[in-house]
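Asks: give me a 3D structure for the following:
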Amino acid sequence: MRISRPILSALLVMALAACGSDAETAASSNEIKVGLLHSLSGTMAISEVTVRDAELLAIEEINNAGGVLGKKMVPVVEDGASDWPTFAEKATKLVRQDKVAAVFGGWTSASRKAMLPVFERYKALLWYPVQYEGLESSPYIFYTGATTNQQIIPGLDYLKEQGKKRIFLVGSDYVFPRTANKIIKAYAAANGMEILGEEYTPLGHTEYSTLVNKVMQAKPDAVFNTLNGDSNVAFFKSLKSSGVTAESMPVLSVSIAEEEVTGIGVENIAGHPVAWNYYQTTETPANEAFVKAFKAKYGQNKVTSDPMQAGYNAVHLWAEAVKKAGTTEVEAVKKAAPGISLDRPEGKVTIDGDNQHMHKTARIGIIQPDGLIKQVWDSGEPIKPDPYLEGYPWAAGLAGQ
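Replies: Numbering: from 1, shown residues only. Below is the predicted model of the structure:
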């Protein structure tokens, strides 16, 4: 059968369209969709909503400066609802249905672990913005928060230097606290510290009188706290009502930043130490501009914090990698990313080519009566990420446990 030229031309156009229908290409759209996936409801909303807000600010800044490859970034926002299967479901939707170029999201390690197989299966990119327990790397995840040797170990070093050698461990019952405490116990055994107790409660738990009694009976020099979400509100209120003070029993936290201080109530937590890489009070030229921009967009009473700053950084770092690659294609972006350095609110951050974590400066701070955090120590320069703790002999074998 002979096919006329017009029909043949139409069939050819349809075939070419079908070839490109599986994903939006740079030539077919003036927009680049990216996914933002955080808990906007549930127990983790106290922490994650502002990370989304910071990522939206970064997208706005990039668009105002001309976008990425001349295209406007368009956020597709989803709610992980503090539920790990929901994170996996929403990640799949963003990658397969919305066909986003990258996803910025997660907070808890449980949410990250739920999403990891999705991104590896579909060879898509997740930019994860929160400190975590280490002992992991994935070719399809960029980790813009701290890994263990950039937060937990500096926190332990600080307690040791303060003469706090008898430690009680308190955490939420999921992968991050349990893995972090496994590392802490190994550190303690090698550094003359004693672990007096180890207690876990479910995420969202709100009754802490019994646990606080256990802590007080053990009489530790300090508590290492890996509770997450709004459980911290009940925990610190119970500590205060039991007469515990920051002077009598300091509680060092690694998941409480400025935003959580507001939710907990500064009267319940002032004086206690925290370990992060950034505070609203961090003195860098980039931070002054960041804080001003965030408050201008969301309100003068809003605070900035480490996770939201790491989420903000993630969007800018991805954009730089895309510009360097000349495309949003995942493998090209991965290849272009190693070695990219930016002066961020926390200081200089650099993408490590070995494990897709960041070189970051460690900081210890004390929560002040005004709700802000005053830095009392920093590492002096960015620390190379060591997620598997290969540089620490006492950590040998932990990754296989």
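
Asks: show me where the stretch 1-150 of the chain has its strands.
Replies: Residue ranges of the strands in the stretch 1-150 of the chain, as given by DSSP state E, counting those that start in this stretch, are 31-38, 72-79, 103-105, 126-128, 141-143.

Asks: which of these is buried the deepest?
Replies: Stretch with highest mean neighbour count among those: strand 103-105 (a mean of 29; mean count of other CB atoms under 10 Å). In short, each C-beta sits where N, CA and C put it, glycine included.

Asks: partners of it in the sheet?
Replies: strand 31-38 (parallel), strand 126-128 (parallel) (DSSP bridges).

Asks: and Ala319, which of the strands of the stretch 1-150 of the chain is closest to it?
Replies: Shortest separation from Ala319 across those is recorded for strand 72-79, at 7.7 Å, computed as CB to CB.

Asks: picking up where we left off before, got the strands paired with strand 103-105 as JSON lines, with mean pLDDT and distance to Pro177 columns?
Replies: Below are the strands paired with strand 103-105 laid out as JSON lines (pLDDT from 0 to 100; distance: least, CB to CB, whole Å):
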{"stretch": "strand 31-38", "mean pLDDT": "98", "distance to Pro177": "20"}
{"stretch": "strand 126-128", "mean pLDDT": "98", "distance to Pro177": "17"}
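
Asks: which stretch among these approaches Val103 most closely?
Replies: The nearest among those, by CB to CB, is strand 31-38 at 3.9 Å.

Asks: any residues touching that closest one, and which ones?
Replies: Residues from elsewhere that reach strand 31-38 (CB atoms under 8 Å, 6 or more residues apart in numbering): 24, 48-49, 51-52, 55-56, 59, 67-69, 71-80, 87, 90-91, 94-95, 98-107, 115, 315, 318, 328.

Asks: send the alpha carbons of that strand over as CSV?
Replies: C-alpha atoms of strand 31-38 as CSV (Å, rounded to 0.1, in the frame of the first residue of the first chain):
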residue,chain,number,x,y,z
GLU,A,31,10.7,24.6,32.5
ILE,A,32,12.6,22.1,34.6
LYS,A,33,10.5,20.4,37.2
VAL,A,34,12.1,19.4,40.6
GLY,A,35,10.5,17.5,43.5
LEU,A,36,10.4,18.7,47.1
LEU,A,37,9.4,15.8,49.4
HIS,A,38,9.1,16.5,53.1
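
Asks: give me the angle between that strand and strand 72-79.
Replies: Relative orientation of strand 31-38 versus strand 72-79 (axes from the mean of the first three to the mean of the last three CA atoms, to 10 degrees): 30 degrees.

Asks: tell me the mean pLDDT for stretch 84-99?
Replies: Across stretch 84-99, the average pLDDT comes to 98.

Asks: mind checking the end-to-end distance for that stretch?
Replies: 21 Å (CA to CA, to the nearest Å).

Asks: make 47 the starting number, not 1.
Replies: OK, 47 is where the count begins now, so the last one is stretch 130-145.

Asks: where do the helices of the stretch 247-396 of the chain begin and end?
Replies: Ranges of helices in the stretch 247-396 of the chain, per DSSP state H, counting those that start in this stretch, are 255-264, 277-287, 304-310, 312-315, 331-344, 352-371, 376-382.

Asks: if you compare these, which one is most tucked away?
Replies: helix 352-371 (a mean of 25).

Asks: what's the closest non-adjacent residue to the residue nearest in space to the middle of the chain?
Replies: Against the mean C-alpha coordinate of the chain, by CA atoms, centre = their mean, the closest residue is Val176 at 1.1 Å. Computed as CB to CB, 6 or more residues apart in numbering, the closest residue to Val176 that is not its neighbour in sequence is Gly191, at 4.3 Å.

Asks: appreciated, that's everything.
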